[in-house]
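Chemist: Give me coordinates for this.
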Amino acid sequence: MEFTQEKIDLIERIIRSDRKFANNEDLYDDFFNETCKRSLNIVKTITSDATLEAYLKKIATTSILNVLKDSGRLRRTKDGYIPTKELSIDQARNESVTNSNVYANTKIIYEPVDIKDTPEDTLLKKEILQHVINSLEKINNENPDKKYLQIFKLRYDNGMTQKEIAQDLDLSQSEVSKRLFKLMEKIKQAFN
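Modeler: As a prediction, the model looks like this:
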């Protein structure tokens, strides 16, 4: 292969920074070889360093996934790829394990817990929402011909698309898009 030391160092840095590299350091040579094999043509043709690095990141990620799958350390599930030693709580609960040492090598995944907002969080959200409403009404009163409030309600309260709003208000879709963008900019300014 015809890689300069600079490109070899770049590939090595990309592989080592990939999140799947952790706990799989022993497969580094396989990751490196697979990445080099897949990127040989790209390294020869791309001259921009930023573009080359972006392509190499994609290639390295794919190479690492393939090596991990081939080595049996990764399996595909409906939610994506997970390490073969990782179990969800339900899987761990359903497995009948008599030897307690088996759990030492098993990583258990906990489902996220929905923590309710504190009273302070709720109050803060209400204050922010009230500020948005006040700003929206003020902007609409300053520009009644733009129908900002009506467009906002149709888009965010009724869930209509820009095309549907355009038909409803007899405007072009691009005009609805411009007004929504302008409205969001004005609301952002009201917060500053």
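Chemist: Tell me the gap between stretch 125-138 and the middle of its chain.
Modeler: Centre-to-centre, stretch 125-138 and its host chain are 29 Å apart (CA atoms, centre = their mean, to the nearest Å).
Chemist: all strands for the chain, in order.
Modeler: 74-77, 80-83, 86-88, 107-109 (DSSP state E).
Chemist: Any stretches of this protein with poor pLDDT?
Modeler: 1-2, 75-115 (pLDDT under 70).
Chemist: report the longest helix in it, please.
Modeler: The single longest helix within the chain, with elements called by DSSP state H, is helix 119-142.
Chemist: Any chance you could list what contacts that helix?
Modeler: 117, 146-149, 152, 183, 186-187, 190-191 (CB atoms under 8 Å, 6 or more residues apart in numbering). (Each C-beta comes from the backbone N, C-alpha and C, glycine too.)
Chemist: ok, and for that helix, which residues are buried?
Modeler: Neighbour counts over helix 119-142 (16 or more other CB atoms under 10 Å) mark 135-136, 139-140 as buried.
Chemist: now do stretch 51-61
Modeler: Buried, per 16+ other CB under 10 Å, within stretch 51-61: 52, 55-57, 59-61.
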